[in-house]
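>>> sequence and predicted structure, then a few things I'm wondering about:
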Amino acid sequence: MKIPERRVAYLLEVYTEGKATPDEEQELFNWIADENDEPFKKHIEKLVSSYHPGQSDEQTDWERLYRRIVEEKDAREEITLIKIQKINWAGWAAAIVVLLFGAGYYFFNTHLNGKHKVEPVNIAQVKKEDVAPPVAINAELTLANGKKIILDSIGNGMVAIQGSVKVMKLADGQIAYKGTSKGIEYNTLNNPRGSKVVGLTLADGSKVWLNTASSLRYPTAFTGSERIVEVTGEAYFEVAHNPAMPFVVKKDRNRVRVLGTHFNINAYDDEQSMNVTLLEGSVSVYASDNHNSKVISPGDQARMEKSGNIELIHSVNTDEVMSWKYNIFSFNGVGIEGIMRQVSRWYDVDIVFEKEVKEKFYAEVSRNTNVSTLLKMLEGTKSVQFRIEGKSIRVMPYQSGSVSN
């Protein structure tokens with residue numbers, strides 16, 4: 001899948017400054033591996049040229065950066081250890097700060113009668129009363145016999161055998177099923193609040209990523225005429241193509257039916273609708289036991305209301321929809337209640353609203369930051385105010401002169 005340009009810019013920045021985590025380095029290397037050299041080279045040149053057209057010095061920096069990353073990727077594949085050196089970003093790094101979401105620098109707008117811009121916030125300013133982001137995959141795998149396995153507590157390799165299917169934990173913490181079976185056994189992968197995103201490869205080769213506070217129930221091997229799984233919360237699917245056995249995702253009485261495609265489902269119970277967003281291929285959605293159905297195209301979103309009505313939205317911002325998979329909070333005209341639902345799931349905190357806050361907010365922020373930094377940014381709009389009390393956050397309209405945690 002294509003990584004959004006802002007995510008690429010962030011990965012390049014933390015990589016060259018020696019601040020990238022192992023997961024971030026691997027994400028960058030994986031993306032490069034999916035690209036031919038020339039398209040990747042043109043992509044990073046395009047990023048900087050859009051901010052400094054015609055300036056060859058910056059192009060030279062990108063050339064050096066390109067060569068260094070490719071060389072290190074190749075060296076890693078040969079299991080050779082290379083020390084990451086810092087590249088000089090002076091002269092143009094500040095110009096692309098709106099694309100970068102690491103190191104505590106952010107760009108934020110709120111839109112009321114006009115637009116208010118809050119200056120960048122340094123993560124070093126966070127206060128003692130705070131909540132850190134998830135640092136581990138705390139997902140729980142429930143096997144067919146009811147046995148529960150916490151993924152973060154076990155080593156890599158074979159986790160279990162379900163019939164003739166092997167359940168494997170990979171080096172990156174993801175789960176994969178390998179093998180075939182004539183019998184049907186079901187497993188459930190639950191990713192709780194306060195856990196990093198977890199990935200899963202099903203027995204047919206389909207890949208699924210589960211957001212926090214989400215779960216997937218699925219057979220250990222697919223048999224019959226359909227491949228049926230059940231989801232709660234939010235998940236992104238890359239379905240292996242098989243016209244003879246359509247892939248079906250169920251959530252209560254709603255269904256999504258595909259042959260092979262890439263799509264996102266947001267099906268949290270506390271959201272107003274179940275949203276299905278298509279990135280590639282074609283998807284059919286069915287509400288209320290097939291009484292209402294629609295076919296959506298790439299870039300479209302089907303909003304399936306609890307009443308059974310399906311609203312079709314064309315040309316949605318898929319980068320915003322998929323931001324959770326790239327570890328970004330992306331709010332584009334979102335009310336404070338919608339924002340705090342995401343905050344509650346990610347940081348595993350309870351939210352208490354003291355009074356209504358009507359304004360809409362616009363922000364893009366790394367999910368790797370402490371919650372106090374995000375709240376401080378929101379408070380900078382002078383529309384809302386927060387108080388952190390252990391694992392609870394109180395939300396109230398902004399009051400001049402008052403101080404929050």
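Ah, there it is. Residues are numbered from 1 along each chain as shown.
>>> who are the contact partners of residue 174?
198-201 (Cβ atoms under 8 Å, 6 or more residues apart in numbering). For the C-beta atoms, the positions are set from N, CA and C on the backbone; glycine is no exception.
>>> quick one: which of those residues is most hemmed in?
residue 198 (25 neighbours; other Cβ atoms under 10 Å).
>>> closest to residue 150 out of the contacts of residue 174?
Minimum distance to residue 150 across the contacts of residue 174 is 11.5 Å, recorded for residue 198 (Cβ to Cβ).
>>> neighbours of the residue nearest to residue 178 when sequence neighbours are not counted, how many?
Counting by Cβ to Cβ, 6 or more residues apart in numbering, the nearest residue to residue 178 once its immediate chain neighbours are dropped is residue 166, at 4.8 Å. In terms of burial, residue 166 registers 17 neighbours under the definition other Cβ under 10 Å.
>>> SS state for residue 166?
strand (DSSP: H, G, I helix; E, B strand; the rest coil).
>>> my read: it touches residue 175, true?
No - with the criterion set as Cβ atoms under 8 Å, residue 166 and residue 175 do not qualify as a contacting pair; they are 11.0 Å apart.
>>> how is this structure partitioned into domains?
The record's domain parsing of the chain by automatic domain parsing lists 5-100, 108-131+323-397, 152-320.
>>> may I have the beta-bridge partners of residue 361?
On the basis of DSSP bridges, residue 361 is bridged to residue 110, residue 334.
>>> from what I can see it touches residue 337, true?
No - counting by Cβ under 8 Å, residue 337 is not a contact partner of residue 361; they are 10.9 Å apart.
>>> quick one, strands of the stretch 151-300 of the chain?
With DSSP state E, counting those that start in this stretch as the criterion, the stretch 151-300 of the chain has strands at 157-162, 165-169, 175-178, 186-191, 198-201, 207-210, 214-219, 227-238, 247-251, 254-258, 262-267, 273-280, 283-287, 292-296.
>>> could the ones you listed go into a markdown table alongside mean pLDDT?
Formatted as a markdown table, the strands of the stretch 151-300 of the chain follow (pLDDT from 0 to 100):
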| stretch | mean pLDDT |
| --- | --- |
| strand 157-162 | 92 |
| strand 165-169 | 93 |
| strand 175-178 | 94 |
| strand 186-191 | 98 |
| strand 198-201 | 96 |
| strand 207-210 | 98 |
| strand 214-219 | 98 |
| strand 227-238 | 97 |
| strand 247-251 | 96 |
| strand 254-258 | 94 |
| strand 262-267 | 97 |
| strand 273-280 | 96 |
| strand 283-287 | 93 |
| strand 292-296 | 91 |
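>>> would you turn the ones you listed into a markdown table with distance to residue 355?
Listed next are those as a markdown table, based on distance: least, Cβ to Cβ, whole Å:
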| stretch | distance to residue 355 |
| --- | --- |
| strand 157-162 | 48 |
| strand 165-169 | 46 |
| strand 175-178 | 43 |
| strand 186-191 | 33 |
| strand 198-201 | 36 |
| strand 207-210 | 34 |
| strand 214-219 | 30 |
| strand 227-238 | 29 |
| strand 247-251 | 33 |
| strand 254-258 | 34 |
| strand 262-267 | 27 |
| strand 273-280 | 26 |
| strand 283-287 | 35 |
| strand 292-296 | 38 |
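>>> between those, which gets nearest to residue 148?
Using Cβ to Cβ as the criterion, the shortest distance between residue 148 and these is 9.0 Å, found for strand 186-191.
>>> so what strands line up beside that closest one?
Using DSSP bridges, the strands paired with strand 186-191 in its sheet are strand 140-142 (antiparallel), strand 214-219 (antiparallel).
>>> pick the most buried one from the ones you listed.
Each of the strands paired with strand 186-191 was scored by mean neighbour count; the highest is strand 214-219, a mean of 22, by mean count of other Cβ atoms under 10 Å.
>>> can you give me the offset of it from its chain's centre?
Taking Cα atoms, centre = their mean, to the nearest Å, the mean C-alpha location of strand 214-219 is offset from the chain mean by 18 Å.
>>> how about stretch 244-252?
Mean C-alpha position of stretch 244-252 versus that of the full chain (Cα atoms, centre = their mean) differs by 22 Å.
>>> report pLDDT for residue 152.
Per-residue confidence (pLDDT) for residue 152: 88.
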